[in-house]
Structures are given as structure tokens and as C-alpha cells.
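J.: model this:
(2 chains)
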Amino acid sequence: GAGVSQSPSNKVTEKGKDVELRCDPISGHTALYWYRQSLGQGLEFLIYFQGNSAPDKSGLPSDRFSAERTGGSVSTLTIQRTQQEDSAVYLCASSFRRGGGETQYFGPGTRLLVL
Amino acid sequence: DQQVKQNSPSLSVQEGRISILNCDYTNSMFDYFLWYKKYPAEGPTFLISISSIKDKNEDGRFTVFLNKSAKHLSLHIVPSQPGDSAVYFCAASADNFNKFYFGSGTKLNVKP
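T.: The predicted structure is shown next:
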């Protein structure tokens, strides 16, 4: 079966440009997460979607970052006016919530480089 | 402020020996812990988890130990194999599972 997919796999952009990163979760998974991993750092939580509930945006580092999830499936993370410090691997994960615990299935990530 | 810490960025172990990866956390509300394994250019994959009602969970060569009083967990791999060479992340969550906090990872190298 298909896993979590992300596109593009690599993105190079110029400082000040906007970028859109896409995540296709596993079919039937109701929860979707975005993380980023900067060089030498751990995974940093960005945003969480669960079904039709309002997303938990508490991890978004600034108002230049936004995300949406259409139809409870595909999600897009948008970074406006990119800065060099936005360079990182952006990881998406989806999960199917079940009682007693939860595991996330990660995509391969999008490597963003802001010049 | 990092709530989950992996203080060893790297670990090198001989094939066949035990690998012990450590993780510390600060938030006493965390009650669910996971270990992930990550190969280069791939996303992390789930390895093993433990609920705070347990102090040990075993799955084949992998065992996770939880010491709640010390806010410490560890992953033991016995025997270690070269294919285990990867970056290992620990993660923690409170009971709503909305947010997972990850450590910075430990790069394990298992030498043949």
C-alpha cells in the first residue's frame, strides 16, 4: 500500500519568495502532522490536523507559515517571504488514532534550501 | 526549551554487542513514549513505544525501558547488527497525542 508522500522532494528558492510544500497522507488516516528538522536539530513540531477539528498551530514559528488540509486528506504547508533560516527538511506524518496510543507514519520529507 | 533530550549525538558499537540509546525528558505530563529510526533521505519509521503504565516493553531485539522517577528512557538493541546503523529519535506525548516532542537524535554506527 502507498505510504505518506511529499512533494517536491527538494526545493531551492531565493530569499523572499513563497514556497508550497505538499503532503499526501495514507488513505484513511485522520491525523496529519508537519515537522521540520533543521541541520543538527531534532524534529520540531509545526502543526497538527485531526479530522474536522481546528488545527493545533502552536508550533508554527511565525505568521509567514501557514498550512491547510483540504477534504481531510492532502495538506499544503506554505511559507511566505522565505528566509535563510527556513532552510530545513520538512516532514509530514499521518496517523490513525486508536485508543491507548498512536504512531505516525512519516513521509520522506522535502528538503528546502533558501539562498 | 527542549522537553526531550538525547545528549549523545553519536554512538559506535561492535556488531553482536548491545547498543544502549538514552533519552531524558522534563515534562512529567508525558505518558507515552516512542522510538523512531531514520535512514538518510528517508522519513523516520516507528520502532517501539511504551506507555507510562509500564516500565519495559520488548519487541524482538529491541527493548525500551522507562524510569518515570528519573524521567529517563532507554532503547536497548541486542544483538546489534550493521543494518541497525541509523539515527534514532525518541519522542514523547501527553495523553491527548496532539503534539509529539522529539529529541535531537543519536546516530548509531554498528561496526561489522
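J.: Now for the residue of chain B found nearest chain A, how many residues are close by?
T.: Nearest residue of chain B to chain A: B:Gly43, at 3.1 Å (C-beta to the nearest C-beta). (Glycine included, C-beta is placed from N, CA and C.) Residues within reach of B:Gly43, counting by other C-beta atoms under 10 Å in any protein chain shown, total 23.
J.: is chain A contacted by the worst-scoring helix or strand of chain B on mean pLDDT?
T.: The weakest-scoring helix or strand in chain B, judged by mean pLDDT, DSSP states H and E, is strand B:100-102 (a mean of 90). Yes. Taking C-beta under 8 Å from any C-beta of the partner chain as the criterion, strand B:100-102 and chain A are in contact, through B:Phe100, B:Tyr101, B:Phe102.
J.: Please name the strands paired to that strand in the sheet, noting orientation.
T.: Partners of strand B:100-102 in the sheet, by DSSP bridges, are strand B:86-93 (antiparallel).
J.: roughly how far is the partner strand from the heart of the chain?
T.: Here the centre of strand B:86-93 is set off from its chain's centre by 5 Å, with C-alpha atoms, centre = their mean, to the nearest Å.
J.: I'd like to know the average pLDDT value across it.
T.: Mean pLDDT, strand B:86-93: 94.
J.: ok, now stretch A:61-74?
T.: Mean predicted confidence for stretch A:61-74 is 91.
J.: The residue lying closest to the residue of chain B closest to chain A once chain neighbours are set aside pairs with what?
T.: Excluding the flanking residues, the one nearest B:Gly43 by C-beta to C-beta, 6 or more residues apart in numbering or on different chains is A:Phe106, at 3.1 Å. With DSSP bridges applied, the residues forming beta bridges to A:Phe106 are A:Ala93.
J.: what residues are up against A:Phe106?
T.: The contact partners of A:Phe106, taken as C-beta atoms under 8 Å, 6 or more residues apart in numbering or on different chains, are A:Val4, A:Leu91, A:Cys92, A:Ala93, B:Tyr36, B:Gly43, B:Pro44, B:Thr45.
J.: Need the pLDDT of it.
T.: At A:Phe106, the pLDDT value in this model is 93.
J.: element containing the residue nearest the centre of chain A?
T.: Centroid check for chain A by C-alpha atoms, centre = their mean gives A:Trp34 as the closest residue, at 3.0 Å. Per DSSP states H and E, A:Trp34 falls inside strand A:31-37.
J.: pretty sure the residue of chain B closest to chain A is touching A:Leu91, no?
T.: Yes. In this structure, B:Gly43 is within contact of A:Leu91 by C-beta atoms under 8 Å, at 5.6 Å.
J.: residue ranges with poor pLDDT in chain B?
T.: Along chain B, segments meeting pLDDT under 70 span B:1, B:95-97.
J.: make it 90
T.: Within chain B, the ranges that satisfy pLDDT under 90 run B:1-2, B:40-42, B:93-100.
J.: Can you pull up the residues of it that come close to chain A?
T.: Residues of chain B lying near chain A by C-beta under 8 Å from any C-beta: B:2, B:4, B:6, B:32, B:34, B:36, B:41-46, B:49, B:51, B:89, B:91, B:93, B:97-105.
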